[in-house]
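> predicted coordinates and the sequence they were generated for:
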Amino acid sequence: MPGITAFVGFHENCSPKKGDYVFVSAAAGAVGQLVGQFAKLMGCYVVGSVGSKEKVDLLKNKLGFDEAFNYKEEPDLEAALKRYFPEGIDIYFENVGGKMLDAVLINMGPASNLVFIIYNRIRIEGFVVFDYFHLYPKFLDMVIPYIREGKIVYLEDITEGLKSAPAVLVGLFSGRNVGNQVVLVAHE
């Protein structure tokens, strides 16, 4: 599910082009990590925001993002985005909302704030679109070869045992996991 969400959200809704400037929030999450890699494979400049130094290192050194920053260490999100996107953001893959979305809107590409949606592309996630499974064959045709060639990495955070589920749930809200969080109940 995260893979198809990333694929459809980025390729079908954002209409990316080589050279686009792409920003992904929650970039180490189940969807964000894939969006960033899809963007890099298309020749885009990609920056991700995450909540720890370890996740910044992961994005840059394992997932191939051009840049990444820890939003918790940035006193001014607007200024941080301006530093990474001096000419503006072309595509924003939204996963968090709030102050980050506010800062992005001010840093969108060359169009004015009144008409930025016409000229720029923002993909807002957080809900499941059930009618996009007709694109599943296209997703498989494009993504499977990249996985086989080692060009896409997918990270999961697997914890064993149902007893660990409450702590895992709390960890989701503090950003403790990387990638898709899974609670393994049985090995069968």
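The structure has been received and is ready for your questions.

> helices of this structure, residue ranges please.
2-7, 32-41, 53-61, 77-84, 98-106, 116-119, 136-148, 165-174 (DSSP state H).

> and the spatially most central residue of the chain, how far from Asp141?
In the chain, the centroid-proximal residue (Cα atoms, centre = their mean) is Gly32; its distance is 1.9 Å. Per Cβ to Cβ, to the nearest Å, Gly32 is found 23 Å from Asp141. In this view, the C-beta of every residue, glycine as well, is placed from N, C-alpha and C.

> tell me the domain ranges of the chain?
Following automatic domain parsing, one gets these domains for the chain: 2-124, 155-188.

> so which of those is the most packed in?
Stretch with highest mean neighbour count among those: domain 2-124 (a mean of 19; mean count of other Cβ atoms under 10 Å).

> so what's Glu67 up against?
By Cβ atoms under 8 Å, 6 or more residues apart in numbering, the contact set of Glu67 is Val46, Val47, Gly48, Lys60, Tyr84.

> widest-spaced pair of those?
Farthest-apart pair in those is Lys60 and Tyr84; separation 12.4 Å (Cβ to Cβ).

> just for the chain, where's the confidence low?
Across the chain, the ranges flagged by pLDDT under 70 are 110-136.

> find the nearest non-adjacent residue to Ala26, please.
Computed as Cβ to Cβ, 6 or more residues apart in numbering, the closest residue to Ala26 that is not its neighbour in sequence is Asn95, at 3.7 Å.

> Leu81 too?
Leu81's closest residue in space is Asn107 (Cβ to Cβ, 6+ apart), at 4.2 Å.

> unless I'm mixing things up, the one you found is touching Ala79, no?
No - between Asn107 and Ala79 there is no contact under Cβ atoms under 8 Å: 9.6 Å.

> from Phe23, how far out is the residue lying closest to Gly179 once chain neighbours are set aside?
Counting by Cβ to Cβ, 6+ apart, Leu155 is the residue found nearest to Gly179 once chain neighbours are left out, at 3.4 Å. As judged by Cβ to Cβ, Leu155 and Phe23 stand 20 Å apart.
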